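Q: Let's see this in three dimensions:
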Amino acid sequence: MSRKSTCMAVLSFAVFFCVAAHAQPGPPPWDRGPGSKEQIASTQNLHVGAATLQVDFATGQLDLPPAKIIPWIQRAANAVIVYYGRFPVSRARILIVPAAGRSGVMQGTTWGAMHGMPGFTLIRLGQHSTEKDLAEDWTMTHELVHMAFPSLPDDQHWMEEGLSTYIEPIARVQAGELQAKQVWRDMLDGMPKGEPAPGDQGMDNTHTWGRTYWGGALFCLVADVNIRKQTGNKKGLQDALRAIVNAGGTIDHDWPLTKALETGDKATGTTVLTDQYKQWSSNPMPVDLSKLWAELGVSAGKEGASFNADAPLAHIREAITRR
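A: Residues are numbered from 1 along each chain as shown. So this is what the prediction gives:
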């Protein structure tokens, strides 16, 4: 069993995807594992591309009926499909557990290879959540992105969380749900939290919240930019991550991080990921964010980020969020 992620609040950011929902009679075939103490009130199967998502609603009070909650899951699955080209695993289970008296998405956790399911996500959803809460939620997409990378040792948890932190909003832009200026503004605000602090000993040895989530996201951003610079903007991190999934690097498999990075590098024809990991894994590697933002043509605006189309790397910035 691989515990992938427990997310409560990292970013703030969802894509409309129309898939068939079929009500299933009787209880689902689950009798143990996370959430087993919860009685299942209803189950639906969502067919997303070639994958099937089993959505279970635990007993408890929710102001919204399942019919109003399912589109939230559909949107998140669609964003993942847009980014990766397909849903990463053939089957997954999503368990929605009501949180009495609360509003909004309280917590998400994702596991791999759980009782016959390649992926399993548990979401605690506030009883009084509204459709607006779900429309503005980022957690479901973040959790489903976790299914698109192999499970890693604890020292590399930063890569698992950093990838989801970085990819979730970009996938949602590519799927048409968010505006790029909103995502880049959030990066302007969030990436500094991932910079090494005094005493930092590299990504594998520094397990603070900032380094785990935003430090991992910063690693991904820098790698994405460098891959695109080295390939004339023909390849990016997205190509590397698709290759990892296509090679079987999904949450239900345990891989060393070096294997995943080498697989990604092969797809881009570079050594960016392995070289960067060698530098960042055991050493604090501060990033000159002011220089990076200027090169990308990103600055803070009144509503989201402002873009400079004449910046030297503006074409890379545009390509990162382009579908």
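Q: who's in contact with Met285?
A: If you count contacts by CB atoms under 8 Å, 6 or more residues apart in numbering, Met285 has them with Pro196, Gly202, Gln279. Placement of C-beta: from N, CA and C, glycine included.
Q: What is the burial count for the residue lying closest to the first one once chain neighbours are set aside?
A: Spelled out, that is Pro196. Nearest residue to Pro196, sequence neighbours excluded (CB to CB, 6 or more residues apart in numbering): Pro284, at 3.5 Å. The local packing of Pro284 (other CB atoms under 10 Å) involves 18 other residues.
Q: tell me the contacts of Pro284?
A: Pro196, Asp200, Gln201, Gly202, Thr206.
Q: give me that answer again for 7 Å
A: Listed by CB atoms under 7 Å, 6 or more residues apart in numbering, the contact set of Pro284 reads Pro196, Asp200, Gly202.
Q: could you point out which element follows whichever strand or helix holds Thr121?
A: Per DSSP states H and E: Thr121 is located in strand 117-126. Downstream of strand 117-126, the first helix or strand assigned by DSSP H and E is helix 131-135.
Q: For that next one, give the mean pLDDT please.
A: Confidence for helix 131-135, expressed as mean pLDDT, is 97.
Q: same check, this time on stretch 289-302
A: The predicted model gives stretch 289-302 an average pLDDT of 96.
Q: re the thing from before, do you know the pLDDT at the residue nearest to Pro196?
A: Per-residue confidence (pLDDT) for Pro284: 98.
Q: What of Gln39?
A: Gln39 is assigned 89 on the pLDDT scale.
Q: Pull the contacting residues for it.
A: Gln39 makes contact with Ala58, Thr59, according to CB under 7 Å, 6+ apart.
Q: Check the spacing between it and Leu237 real quick.
A: Distance of Gln39 to Leu237, given as CB to CB, to the nearest Å: 42 Å.
Q: just to revisit the earlier point, what strands line up against the strand holding Thr121, and which way round?
A: Partner strands for strand 117-126, per DSSP bridges, with pairing direction: strand 91-99 (parallel), strand 105-114 (antiparallel).
Q: so can I have a markdown table of those strands showing mean neighbour count, mean pLDDT and distance to Met187?
A: Shown next, in a markdown table, are those (neighbours: other CB atoms under 10 Å; pLDDT from 0 to 100; distance: least, CB to CB, whole Å):
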| stretch | mean neighbour count | mean pLDDT | distance to Met187 |
| --- | --- | --- | --- |
| strand 91-99 | 23 | 97 | 28 |
| strand 105-114 | 22 | 95 | 21 |
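Q: out of these, nearest to Trp214?
A: Smallest distance to Trp214 across those (CB to CB): 17.8 Å, for strand 105-114.
Q: from the chain's centre, how far out does the closest one sit?
A: The chain centre lies 12 Å from the centre of strand 105-114; the measure is CA atoms, centre = their mean, to the nearest Å.
Q: Quick check: which ranges of the stretch 1-150 of the chain have low pLDDT?
A: For the stretch 1-150 of the chain, applying pLDDT under 70 flags the ranges 1-38.
Q: any idea where the strands of the stretch 1-150 of the chain begin and end?
A: Shown for the stretch 1-150 of the chain, the strands assigned by DSSP state E, counting those that start in this stretch span residues 2-7, 21-23, 40-48, 51-58, 91-99, 105-114, 117-126.
Q: And those: which comes nearest Thr141?
A: Thr141 lies closest to strand 105-114 among the strands of the stretch 1-150 of the chain, at 9.8 Å (CB to CB).
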